[in-house]
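Student: model the following, please.
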Amino acid sequence: MVSAAGVAVSTLAGCAIFALGTHYLQTYMEFPLKHKQYPDVILDDVKVSIQLATLNEENYVGITLDSIVSQPLYKKYHPENIEFILIDSYSDDKTVEIAKEYVDKVIYAPRGLFTARNIGAKSTDADIIVTVDAAQFYPEGWLNMLLRHFEDPEVVAVTGAKIVSPPSNIFHKIGNLWGDLLQKHIWGDNAAIRRWAWFAAGGWREDINQFSFSETFREEFDFWRRLESVGKVVKDLNAVTYDTRTRFACGAGLYEDYCLMIERGERF
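Tutor: Predicted coordinates:
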């Protein structure tokens with residue numbers, strides 16, 4: 001029989017191995033951008049539309065806007081080959097007022113994150129659509145990492161990885177890290193998709209409850225499969241973004257107004 005002490009030792013060893021593996025995984029994911037090791041990307045014959053969908057994000061949109069316009073590739077090719085569009089769902093705070101200083105155009109959409117993204121895709125003639133979200137920090141070189149894969153004409157979509165930044169969400173952070181490695185799903189806040197493939201795959205589904213986390217999360221997996229039916233889909237673990245606010249912190253006393261809006265079904 002295995003003794004209790006033996007079980008305890010085995011459990012501790014397993015936890016230690018898992019912790020080391022998690023640390024190594026995050027280190028691997030972050031290494032290129034932390035050390036500014038990202039490839040040059042040529043967009044001379046390519047048009048890119050970066051699109052940010054918002055709903056009452058005045059407290060969280062600034063970090064996203066700053067990090068997008070600070071991208072070296074953005075500064076090199078904006079506005080000739082890269083545009084920045086805000087799709088707002090009629091925010092009643094200062095979201096649009098703040099964003100107008102950064103974006104090229106503001107368009108409006110009914111509430112629903114997938115509805116907003118689909119309207120954004122229809123509003124542009126860009127070759128590639130990059131989708132981002134508020135409260136995300138995009139480190140220098142992230143855009144290069146994401147777009148480098150489109151040198152391969154068979155690639156129709158690329159999704160990066162996401163690291164949860166607040167330390168209070170350690171279990172969600174670990175889950176995200178391993179999910180990035182093992183699961184095939186499109187992070188809507190960290191994705192680049194050829195416009196023709198977006199529509200060939202049917203776009204994001206709007207006939208689901210877009211305020212339900214479980215339904216929208218499931219759609220991220222389904223959209224991957226639909227895109228994969230029209231071409232190659234890539235997950236780049238080094239195209240990292242940092243989630244500075246997450247609904248998994250709700251109940252911990254963080255982001256009170258944000259969490260209350262989620263409970264009332266007032267935001268995506």
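Student: can you tell me, leaving aside adjacent residues, what's nearest to Pro139?
Tutor: Leu33 (4.7 Å; Cβ to Cβ, 6 or more residues apart in numbering). All C-beta atoms are positioned from the backbone trio N, CA, C, and that covers glycine.
Student: for the nearest residue to Ala191 once chain neighbours are set aside, which residues are in contact?
Tutor: Of all residues not flanking Ala191 in the chain, Thr159 sits nearest, at 4.5 Å (Cβ to Cβ, 6+ apart). By Cβ atoms under 8 Å, 6 or more residues apart in numbering, the contact list for Thr159 reads His185, Ile186, Trp187, Asn190, Ala191, Ala192, Trp224, Val233, Val234, Lys235, Asp236, Ala239.
Student: backbone dihedrals for Arg194, please?
Tutor: Arg194 adopts backbone torsions of phi -60, psi 140, taken as degrees, to the nearest 10.
Student: what bridges to it?
Tutor: Ile128 (DSSP bridges).
Student: please work out how many residues are found near it.
Tutor: Neighbour count of Arg194, defined by other Cβ atoms under 10 Å: 22.
Student: now it: how far from Tyr28?
Tutor: 28 Å (Cβ to Cβ, to the nearest Å).
Student: what does Arg245 give?
Tutor: 25 Å.
Student: of the two, who's got more company?
Tutor: Comparing Arg245 with Tyr28 by other Cβ under 10 Å, the one with more neighbours is Arg245, at 22 against 12.
Student: so who does the closest residue to the more buried one other than its chain neighbours touch?
Tutor: Of all residues not flanking Arg245 in the chain, Ala135 sits nearest, at 4.0 Å (Cβ to Cβ, 6+ apart). Residues near Ala135 by Cβ under 8 Å, 6+ apart: Glu57, Tyr60, Val61, Ile63, Thr64, Asp243, Thr244, Arg245.
Student: what is the nearest of those residues to Ala126?
Tutor: The shortest approach to Ala126 among the contacts of Ala135 belongs to Thr64, at 19.1 Å (Cβ to Cβ).
Student: list the residues that contact the closest one.
Tutor: Contacts of Thr64 by Cβ under 8 Å, 6+ apart are Leu52, Val132, Asp133, Ala134, Ala135, Gln136, Phe137, Tyr138.
Student: cutoff 6 Å now
Tutor: Ala134, Gln136 (Cβ atoms under 6 Å, 6 or more residues apart in numbering).
Student: between the contacts of Thr159, which sits nearest Pro72?
Tutor: Scanning those for proximity to Pro72, where the rule is Cβ to Cβ, the winner is Ala239, at 14.3 Å.
Student: that closest one and Gly160 touch, don't they?
Tutor: Yes - Ala239 lies in contact with Gly160 (Cβ atoms under 6 Å); the separation is 3.1 Å.
Student: quick check: beta-bridge partners of Leu52?
Tutor: Bridge pairing for Leu52 - DSSP bridges - gives Leu86, Val132.
Student: near it, how many other residues are there?
Tutor: Neighbours around Leu52, by other Cβ under 10 Å: 28.
Student: local confidence estimate at it?
Tutor: We have a pLDDT of 98 for Leu52.
Student: that one against Leu86, yeah?
Tutor: Yes - with contact defined as Cβ under 6 Å, Leu52 counts as touching Leu86 (5.4 Å).
Student: thinking again about what came up before, hang on, the residue nearest to Pro139 packs against Gly141?
Tutor: Yes - Leu33 is in contact with Gly141 according to Cβ under 6 Å; the separation is 5.0 Å.
Student: more neighbours, those two?
Tutor: Neighbour totals were compared for Leu33 and Gly141, and Gly141 leads with 23 against 20 (other Cβ under 10 Å).
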